[in-house]
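1. Fold the stuff below for me.
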Amino acid sequence: MTSHARSRKRVWTCNFVDQPAFVAPELEDDRLIKAEPRKVFFPDIEQPLPLPGLVALVKRAVTIERQGSASDPVPILDGVDRIRAFEVSEESFRIPAVRVNQVPIREYVYGDLLSHVLGFMGPIPAVLAPDYRADGYTDPNEKVGLNGLEYSYQSELRGTPGVKYVERDIQGKDMNVVGQAVEPVPGMNLYLSIDLRLQKVMHDALKAAMDAKEAPWAVAIAMNPKDGEILGMVSLPSYDNNIFAEEIDEDYLELERDERRPLINYAIGGLYPPGSTFKMITASAALAEDVIDPDTTVTDAGPIFLPNRYFPDDLTQAQKFVSWNHKNGIVHGAINVVQALALSNDIFFYYLGGGFPDQFVGLGQKRLTQWMELFGYGEPTGIDLPGEVTTQVPTDQWKRQLFAEPWTTGDSYNMAIGQGFVLATPLQVLNEAAIVANGGTVFEPRVVHHMTDSNGGLQKDFEPAEVRKLPIDAESFEYVRQGMYTAVNSDFGTAYAARVPGVTVAAKTGTAEFFEYVPEEQDCRRDEEDNLPTHAWFVAFAPYEDPEIAVVVFVYNGGEGSGTAAPVAQQILQQYFTEIAPPPPAQETAQQP
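-> The predicted model follows:
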């Protein structure tokens, strides 16, 4: 974990009781030349005070039930500049109630490039002070991790503070050490699986695509599918975590005012419809449950009309379902599962998900839900970062409780193509692609690779955390992988934009419609052709023969995945295999599965 400690000045006061510690300070050329001390009492917090931030600090001291004593000072001013700190120190004989202490602070050298991963530190929140006190934190003003790895590994990074009891004279000078001193134990050093070179490539490529589309949010994540190690994680917009290293100022207020909420790591903290990236789950479930075999074909002859269950013979009440290609006047004809994945054909997956009356028996809601859960939807991935969210997978019971409506075949159709009630984080979608890449193993993603002590000795080496293996045979699962291969490497696939010279890439596009309510129109936003807005998705892994990297790219309101997200993934993979981990010459020739 990359950060540095540097000192800053903190002004402390003892016996902080009712009024400012300074009385009518005299200044000359902005230098403090005189400030007579007097007995101090609790300040009237309704009155203006001369020291910036004093009111908030007093309120906090009261909230955490810590008012200070002669040996237990309370900070009244943070971030004092060096010159002012020297001036106050020089006047200490005139203001014995005040002293200047140096405290270490973090310096995050990579700023917004890694802020969502590293996080930041701050004083113990007042509402959590009792919990920290119960855990042995005696100083409520101690800086603790509040986000990112700083939070997840607070105990390991902190170490153990030293303790020494000292006898002092009336002037506050140390006279004797009482009892046995407890020496401090330095905290651990974290070594991350993040590759800084890859992180920068991902950040720059994603930001360019986001700016081009004027998108409010975008995410890119890279993972080693063999063990779940996170190789890169970018959530935009980002922020400079050095803002939290010292006092809270206008930079923080700007973050608070930003409606995009840059402090949220949308890689794990945003839920979105996954669109066609979900189709690998539907295909895997259909093959494993014997709904289809590799040779089963479904004919796309245009839109299908699902009969109303109560009026099956009345076609005016049938529900129309289309595939993305129909708006271009294209039908795909009879296709199997590999071709359907490569073409991202919706008709094929409607059949797989919900079937068709008197023609085809699909998976149905229960089996679709079961396989969603097997692939990790509906539960946190378990990544070692705070702020991960998830949602319940949709079921008939869930819909009845929430909407007072039964589950319909149309709901299964929508679920089968990653629309309707289906939501996922970008990390969950990446996990899905990684499972396909590695042949069916679910791993718990992890950012920290290992930890060492202050002397460099290895203290903990994180082994891959296998969650489960999917109940699908390797031969059937290989057809899902072939579908992703064909999407990139055939003449008709939707993911051809992800091709990387010398490396065999497999991928899946996703274009997910979403609902955005417009109060002025009392309806959802649509374009001039009455189409809903769409998120751009793309997942990929490579090399196909022995995958070592899997990537997800998500651009909110980015349009089509093949046009917006795919080029970003291509740039990431291109740089990875060119500059970061170039394949040996023997593996540079692409092989068709």
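
2. from the chain's centre, how far out does stretch 165-172 sit?
-> Counting by CA atoms, centre = their mean, to the nearest Å, stretch 165-172 is centred 49 Å from the centre of its parent chain.

3. ditto for stretch 204-212
-> That offset, for stretch 204-212, works out to 18 Å (CA atoms, centre = their mean).

4. what sits up against it?
-> Contacts to stretch 204-212, defined as CB atoms under 8 Å, 6 or more residues apart in numbering, come from residues 215, 217-220, 234, 236, 553, 555, 558, 564-565, 567-568, 571-572. C-betas here are computed from N, CA, C, even on glycine.

5. Report the two of these separated the most.
-> 217 and 571 (19.1 Å; CB to CB).

6. chain center to stretch 523-536, what's the gap?
-> 27 Å.

7. how about the strands of the stretch 51-200 of the chain, start to end?
-> Secondary structure of the stretch 51-200 of the chain (DSSP state E, counting those that start in this stretch): strands located at 74-80, 98-107, 120-123, 143-147, 163-168, 174-182, 189-192.

8. want to try TSV for those strands, with distance to residue 412, mean neighbour count and mean pLDDT as columns?
-> TSV is the format used below for the strands of the stretch 51-200 of the chain (distance: least, CB to CB, whole Å; neighbours: other CB atoms under 10 Å; pLDDT from 0 to 100):
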stretch	distance to residue 412	mean neighbour count	mean pLDDT
strand 74-80	57	19	67
strand 98-107	50	16	80
strand 120-123	44	20	89
strand 143-147	39	20	92
strand 163-168	63	12	85
strand 174-182	63	10	85
strand 189-192	41	19	95
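
9. circling back to that earlier point, give the buried subset of the contacts of stretch 204-212 as a ChimeraX selection command.
-> The ChimeraX selection below is limited to those of the contacts of stretch 204-212 classed as buried (16 or more other CB atoms under 10 Å):
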select :215,217,218,219,220,234,236,553,555,558,564,565,567,568,571,572
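
10. any chance of the strands of the stretch 51-200 of the chain in JSON lines, with distance to residue 252 too?
-> Shown next, in JSON lines, are those (distance: least, CB to CB, whole Å):
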{"stretch": "strand 74-80", "distance to residue 252": "13"}
{"stretch": "strand 98-107", "distance to residue 252": "15"}
{"stretch": "strand 120-123", "distance to residue 252": "10"}
{"stretch": "strand 143-147", "distance to residue 252": "13"}
{"stretch": "strand 163-168", "distance to residue 252": "34"}
{"stretch": "strand 174-182", "distance to residue 252": "36"}
{"stretch": "strand 189-192", "distance to residue 252": "25"}
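
11. wait, which of those strands is closest to residue 528?
-> Residue 528 lies closest to strand 143-147 among the strands of the stretch 51-200 of the chain, at 41.6 Å (CB to CB).

12. so what does the closest one touch, helix or strand wise?
-> Packing partners of strand 143-147 (3 or more CB pairs under 8 Å, 6 or more residues apart in numbering; DSSP states H and E): strand 98-107, strand 120-123, helix 148-152, helix 154-158.

13. rerun that using 10 Å as the cut-off
-> strand 98-107, helix 115-118, strand 120-123, helix 148-152, helix 154-158 (3 or more CB pairs under 10 Å, 6 or more residues apart in numbering; DSSP states H and E).

14. For my notes, please list those in TSV and give distance to residue 205 for each entry.
-> Output for these, formatted as TSV (distance: least, CB to CB, whole Å):
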stretch	distance to residue 205
strand 98-107	27
helix 115-118	17
strand 120-123	25
helix 148-152	22
helix 154-158	31
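
15. of these, which approaches residue 502 most closely?
-> Residue 502 lies closest to helix 115-118 among these, at 30.2 Å (CB to CB).

16. So which elements touch that closest one?
-> Packed against helix 115-118, as judged by 3+ CB pairs under 10 Å, 6+ apart, are the following elements: strand 143-147, helix 148-152, strand 189-192, strand 230-236, helix 266-269.

17. Can you tell me which of the strands of the stretch 51-200 of the chain is nearest to residue 271?
-> Within those, the stretch nearest residue 271 is strand 143-147; the backing value is 19.2 Å (CB to CB).

18. for the closest one, the distance to its chain's centre please.
-> That offset, for strand 143-147, works out to 17 Å (CA atoms, centre = their mean).

19. remind me which residues of this structure are low pLDDT?
-> Along the chain, segments meeting pLDDT under 70 span 1-79, 95-97, 171-172, 247, 586-593.

20. Residue 352 touches residue 341, doesn't it?
-> No: with contact defined as CB atoms under 10 Å, residue 352 does not reach residue 341; the gap is 11.0 Å.

21. any shared contact partners between the two?
-> The contact sets of residue 352 and residue 341 overlap at 279, 282, 283 (CB atoms under 10 Å, 6 or more residues apart in numbering).

22. Nearest to residue 141, out of those: which one, please.
-> Of the shared contacts of residue 352 and residue 341, the one sitting nearest to residue 141 (CB to CB) turns out to be residue 279, at 52.7 Å.

23. Surely the closest one is in contact with residue 512?
-> No: counting by CB under 10 Å, residue 279 sits too far from residue 512 to count as a contact (11.6 Å).

24. tell me, what's touching these two both at once?
-> Common contacts of residue 279 and residue 512, defined by CB under 10 Å, 6+ apart, comprise 417, 418.

25. neighbour count winner among these two?
-> Higher neighbour count among residue 279 and residue 512: residue 279, with 29 against 26, using other CB atoms under 10 Å.

26. out of the helices and strands packed on strand 143-147, nearest to residue 273?
-> Using CB to CB, the nearest of the helices and strands packed on strand 143-147 to residue 273 is helix 115-118, at 22.4 Å.
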